[in-house]
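when you get a sec, could you give me coordinates for this:
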Amino acid sequence: MFPGGAFFAEFLAGEDARDGPIHEVVVAWERESLEALAEIAREAKRRGELDEGVDPDQLAFELYACMELANHHFVLFRDPAVLDRGRRAVREMLERGRPPRRTRR
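You can find the predicted model right below:
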C-alpha cells in the first residue's frame, strides 16, 4: 500500500521461518509496527476519537492485516483496485470504532 511495500513483504516472507539474527530483527520490526499502531489507537481512545469498547491491540492487528493483504494482492495481481479495497476496509473499520455521536439539546 506504500512505495517499497513489496520489498518489505518479500523480506518478511523470506525471513519469518528462519532462525538467527536477521530473523530477530524481523520479529522486532513486526512487533514495533504493531505496537506503533496500537499506541495510535490508545491515544485516539484517550482523545475520545475511538469508542471505549475498542481493544487497541485488536484494532492494530486488524488494520495491519488489511494493509498487508492489500499490499500482497496488489503485488500478486498487479491490480491497483485492491488498494482501494484495502483503504475502504481500513476506513470502515475505523468508522465502526468511532464513539456514538452525542445528541445536542
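
contacts and neighbour counts: CA atoms only from here.
Will do.

tell me the first helix or strand C-terminal of the biggest helix by length in the chain.
The longest helix of the chain (DSSP state H) is helix 21-46. Next in sequence after helix 21-46, counting helices and strands by DSSP states H and E, comes helix 56-77.

from the chain's centroid, how far away is that next one?
Centroid separation for helix 56-77 versus its chain: 5 Å, with C-alpha atoms, centre = their mean, to the nearest Å.

coming back round to it: tell me what the longest helix of the chain is packed against?
The helices and strands touching helix 21-46, judged by 3 or more C-alpha pairs under 8 Å, 6 or more residues apart in numbering; DSSP states H and E, are helix 5-15, helix 56-77.

so which bits of the next helix or strand after the last one are buried?
Spelled out, that is helix 56-77. Under the assignment DSSP H and E, the closest C-terminal helix or strand after helix 56-77 is helix 81-96. By 16 or more other C-alpha atoms under 10 Å, the buried positions in helix 81-96 come out as 82, 83, 86, 87, 89, 90.

which residues does helix 81-96 contact?
Helix 81-96 has contacts (C-alpha atoms under 8 Å, 6 or more residues apart in numbering) with 1, 63, 66, 67, 69, 70, 71, 73, 74.

quick one: the last one and residue 80 touch, right?
Think residue 74. Yes - between residue 74 and residue 80 a contact is recorded at 6.1 Å, counting by C-alpha atoms under 8 Å.
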